[in-house]
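[1] Coordinates only, no sequence provided:
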């Protein structure tokens, strides 16, 4: 899983870029906000990356700001929202503004975004509104402090890794905890494999 890339920008288009990292060119699809923040060609940049697997292909989505990536992942957690639509949404509305609209459950404004009908807008507001309220109050998705135990840090990293692969963290809690209990000294990569095996076994 690729979570972050640092390299040289060699191709720049409004919806996608290619970044050269040690001689390897990585294609990433990007939102408009990231495009506006890109440096000139042949300059260095750093991007947060979400990896999605489709038809045995690894598709990368790059974000200049962590807030863009977090909103992208939240949108993907809602049924009916794919990567293309999620990128379109955050390209048209800044993450902070979109977050406030979802918390306020402002369906009328959401439906003005191309690709969002009334039913899907209602679903977004319903499913993400409460989640975002909890996130703001610090009761959900809070990052561990430097004093957190090692186990809690690994647990958080595992949940973030599953989220980047398109799974809802709340759906993975049981399997993540089971993997940690069974392999308390396992590396993040080893634990991630155990969680994915558990999901595939169903």
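    It's in. Not measured: the values here are computed from a predicted model.

[2] all strands in this protein, in order from the N-terminus.
    Here the chain has its strands, by DSSP state E, at 4-12, 16-21, 24-29, 44-54, 57-63.

[3] Identify the residues contacting the longest one?
    The set of residues that contact strand 44-54 without belonging to it, under Cβ atoms under 8 Å, 6 or more residues apart in numbering, is 1-9, 19, 28, 30, 34, 38-39, 58-66, 68-69, 72-73, 83, 164-166. For every residue, glycine as well, the C-beta is placed using N, CA and C.

[4] go again using 7 Å as the cut-off
    Strand 44-54 is contacted from outside by 1-6, 8-9, 19, 28, 38-39, 58-64, 66, 69, 72-73, 83, 164-166, using Cβ atoms under 7 Å, 6 or more residues apart in numbering.

[5] thinking again about what came up before, how about the strands of the chain in JSON lines, adding distance to residue 155 and mean pLDDT?
    Formatted as JSON lines, the strands of the chain follow (distance: least, Cβ to Cβ, whole Å; pLDDT from 0 to 100):
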{"stretch": "strand 4-12", "distance to residue 155": "20", "mean pLDDT": "95"}
{"stretch": "strand 16-21", "distance to residue 155": "29", "mean pLDDT": "97"}
{"stretch": "strand 24-29", "distance to residue 155": "28", "mean pLDDT": "96"}
{"stretch": "strand 44-54", "distance to residue 155": "20", "mean pLDDT": "90"}
{"stretch": "strand 57-63", "distance to residue 155": "24", "mean pLDDT": "92"}
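
[6] I'd like to know which of those lies nearest to residue 198.
    When those are compared by Cβ to Cβ, strand 44-54 sits nearest residue 198, at 17.1 Å.

[7] do you know how far the closest residue in space to residue 86 that isn't next to it in sequence is from residue 61?
    Among residues not flanking residue 86 along the chain, residue 75 sits closest, at 4.0 Å (Cβ to Cβ, 6 or more residues apart in numbering). Computed as Cβ to Cβ, to the nearest Å, the residue 75 to residue 61 distance reads 12 Å.

[8] Compare those two (neighbour count), which wins?
    Neighbours per residue, other Cβ atoms under 10 Å: of residue 75 and residue 61, the larger number sits with residue 61, 25 against 21.

[9] mind listing what the residue nearest to residue 86 touches?
    Each residue near residue 75 by Cβ under 7 Å, 6+ apart is listed here: 81, 86, 89.

[10] Check it and give its pLDDT.
    In the prediction, the pLDDT value recorded for residue 75 is 92.

[11] do residue 179 as well
    According to the prediction, residue 179 has pLDDT 82.
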